[in-house]
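Novice: Sequence and predicted model, in that order:
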Amino acid sequence: MKEVKVPVLPESISEATVAAWHKKPGDYVELDDVIVEIETDKVVLEVPAEEAGVLTEILAKEGETVNEEQVLGLLNDESEASSEAAPEQEKATQEETPETIQASPTEAAKEESREEPVAPPETPKAEPVATPETQPSQPMSNRMEERVPMTRIRKTIANRLHSATQNTAMLTTFNEIDMSEILAMRASYKEAFEKKYAVKLGFMSFFVKAAVESLKKFPTVNAYIDGDDIVYHAFCDVSVAVSSDRGLVVPVLRDAHKMGMHDIEKGIVDFAVRAQDGTLGIEEMSGGTFTISNGGVFGSLLSTPILNSPQSAILGMHKTQERPVVVNGEIVIRPMMYLALSYDHRIIDGKEAVQFLISIKEALEDPARLLLKV
C-alpha cells in the first residue's frame, strides 16, 4: 500500500488546503498522473502518482486543511492490485461451471407455457383521474444568495492588501505619458523582433526597462523598511502582477537590470501561461523589490494600486487612449496613458516619488534614453 502525501512545503508555508481530487476511489492511476491538487497561500501544487496502481481510499476531502507530509490517500501498487483481482477472477470462473448454471428466464418461461394454458388478458378498468387542486402561483424569488468559502490564495491576498493599507503610510502620485514613440517603435520593429526572438514586442518590456533605470537613480524606491532599518538593494527584482482564475499572483523577474527586452517579454508570457495552469513555483513569487501592475489590459483608465508588502512602491499602468493634449501651444490628438505610483511615505518623500515617476515618463516618451541609459 502506497501513501499519497502532501509534499514538503517551503519554510514560509506551514499548511495547505485540498483543492481538488482528480481521481476517485477505484480509479486506476498511471505513473506521474496528477491525483490531487493542494492550494497554499501562494500557489496550487499538483501531487502526482509516484507509481502506478489503484486509488483505494481518500483520507483528506476537498476543502480540508492539511499539513506537510500528511497522508491524503492510499494507493495500491500494480502488484497488490493484481493479487487482489486474482481471487475475484477465480471465483467468477467457478460460478460459471456447468454444475452451477441455471436455466435462463427465457427458458423457464417456455417450460411454464407448456404446462399451463395462457389465460386471455383482462382489459383493465379505467380508474378516475384525480383532478389536481389549484395551487396559488408562487412568485419566483430573484434574491438568492450563495455562500462560498474563500480559497486560501484569496484569503492571503485579502490579508496582505489589508495589511498594506493598515501598516504603511501609502500615498499615490500620478502623471501621464505620450505613447506615440513607443507605438511607432513597435510598429517599425515588431516583425523583426518576433522573427529574431520568437516572442512579440509588447509594452511591458519598455516599462520594466524604464523602471529599472529609474530605480538606479532613486534607490530608496527600491528599498524597504525592516524595523528601524532601511534595507537597500543593489539589484532590481521586478514583480509583475498577473491575473489568473485563482486570483492575483505576482511572479518576479530576477535581476531585471540584466535582462534584455526579449528576455523580459519571454518571462512575462511564461508567467501568464503558468499562472492560468497553476504551475508557478513558490520560489518564483517570493521576494521582489518593486512591482508593476497593468490594469490597462482590463480597460482601467486610472487607479491607485496597493503596495505589495514589504516593497515600498508599485507602478500602475493603464489603458492607452487618444486624447486632446497641448503640444507646443497647439491642441493635438495623442495616445496617452495615465501612470500611478503608490509609495510608502514613511521611507519615500513626495519629491522623490514625483521625480521617480517623471524619470519613467521621460524614458518612455523618448525610448532612446533606455538604450543610452541617460
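Specialist: That came in fine, so what should we check first? None of these values were measured; they are calculated from a predicted model. Numbers count the residues shown, from 1 in each chain.

Novice: in the sheet, who's paired with the nearest residue to Glu51 once chain neighbours are set aside?
Specialist: Closest residue to Glu51 apart from its sequence neighbours, by C-beta to C-beta, 6 or more residues apart in numbering: Asp77 at 5.4 Å. Where you see a C-beta, it was placed from the backbone N, CA and C, and this is true even at glycine. Beta bridges link Asp77 to Gly53, judged by DSSP bridges.

Novice: Compute the number of surrounding residues for Asp77.
Specialist: Residues contacting Asp77 under the criterion other C-beta atoms under 10 Å number 15.

Novice: The stretch 251-374 of the chain: helices as residue ranges?
Specialist: Along the stretch 251-374 of the chain, counting by DSSP state H, counting those that start in this stretch, helices occupy 261-277, 350-365, 368-372.

Novice: Could you point out which of the ones you listed sits nearest Val231?
Specialist: helix 350-365 (16.8 Å; C-beta to C-beta).

Novice: For the closest one, list every residue counted as buried.
Specialist: 352-353, 356-357, 359-361, 363-364 (16 or more other C-beta atoms under 10 Å).

Novice: ditto for stretch 251-270
Specialist: 251-254, 256-257, 259, 261-268.

Novice: What is the end-to-end distance of that stretch?
Specialist: 10 Å (C-alpha to C-alpha, to the nearest Å).

Novice: Is Ser205 in a helix, a strand, or coil?
Specialist: Put simply, Ser205 is helix when judged by DSSP: H, G, I helix; E, B strand; the rest coil.

Novice: correct me, but it touches Gly267?
Specialist: No. Counting by C-beta atoms under 8 Å, Ser205 stays clear of Gly267, with 9.4 Å between them.

Novice: ok, longest strand in this structure?
Specialist: strand 330-344 (DSSP state E).

Novice: what is the rounded mean pLDDT of that one?
Specialist: The pLDDT scores in strand 330-344 average 97.

Novice: closest to Ala340 out of the helices of the stretch 251-374 of the chain?
Specialist: helix 350-365 (8.5 Å).

Novice: between that closest one and strand 330-344, how many degrees?
Specialist: Interaxial angle, helix 350-365 versus strand 330-344 (axes from the mean of the first three to the mean of the last three C-alpha atoms, to 10 degrees): 130 degrees.

Novice: Can I get stretch 25-43 in CSV? Just the C-alpha atoms.
Specialist: In CSV, the C-alpha atoms belonging to stretch 25-43 read as follows (Å, rounded to 0.1, in the frame of the first residue of the first chain):
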residue,chain,number,x,y,z
PRO,A,25,-11.5,5.6,-5.2
GLY,A,26,-11.3,2.6,-7.6
ASP,A,27,-9.7,4.6,-10.4
TYR,A,28,-6.5,3.2,-11.9
VAL,A,29,-3.6,5.7,-11.8
GLU,A,30,-0.7,5.8,-14.1
LEU,A,31,2.8,6.8,-13.0
ASP,A,32,3.0,10.7,-12.8
ASP,A,33,-0.7,11.1,-13.2
VAL,A,34,-1.9,14.1,-11.1
ILE,A,35,-4.0,12.6,-8.3
VAL,A,36,-4.9,15.7,-6.2
GLU,A,37,-4.2,19.4,-6.1
ILE,A,38,-3.4,21.3,-2.9
GLU,A,39,-3.5,25.0,-2.5
THR,A,40,-1.1,27.1,-0.4
ASP,A,41,-1.3,30.8,0.2
LYS,A,42,0.8,31.4,-2.8
VAL,A,43,0.4,28.6,-5.4
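
Novice: which parts of that stretch are buried?
Specialist: Applying 16+ other C-beta under 10 Å to stretch 25-43 flags 29, 35-43 as buried.

Novice: can I see the domain layout of the chain?
Specialist: The chain resolves into domains spanning 2-79, 152-372 when parsed by automatic domain parsing.

Novice: Now tell me which of the ones you listed the model trusts least on average.
Specialist: Set side by side, these differ in mean pLDDT, and domain 2-79 is lowest with a mean of 85.

Novice: Between the buried residues of stretch 251-270, which sits nearest Phe235?
Specialist: His257 (6.5 Å).

Novice: Ala211 is in contact with the closest one, correct?
Specialist: No. The pair His257 / Ala211 is not scored as a contact, 9.8 Å apart, by C-beta under 8 Å.

Novice: Now for these two: what residues contact both?
Specialist: Residues touching both His257 and Ala211 by C-beta atoms under 8 Å, 6 or more residues apart in numbering: Cys236.

Novice: The stretch 101-250 of the chain: helices as residue ranges?
Specialist: Going by DSSP H, counting those that start in this stretch, the stretch 101-250 of the chain shows helices at 105-115, 152-167, 180-197, 204-217.

Novice: Mind putting the helices of the stretch 251-374 of the chain into CSV with distance to Met179?
Specialist: Listed next are the helices of the stretch 251-374 of the chain as CSV, based on distance: least, C-beta to C-beta, whole Å:
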stretch, distance to Met179
helix 261-277, 16
helix 350-365, 7
helix 368-372, 14
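
Novice: Relative to Phe174, which of these is closest?
Specialist: helix 350-365 (7.9 Å).

Novice: So which elements touch that closest one?
Specialist: strand 170-178, helix 180-197, helix 204-217, strand 313-317, strand 330-344, helix 368-372 (3 or more C-beta pairs under 8 Å, 6 or more residues apart in numbering; DSSP states H and E).

Novice: repeat that with 6 Å
Specialist: Applying 3 or more C-beta pairs under 6 Å, 6 or more residues apart in numbering; DSSP states H and E, we find helix 350-365 packed against strand 170-178, helix 204-217, strand 330-344.
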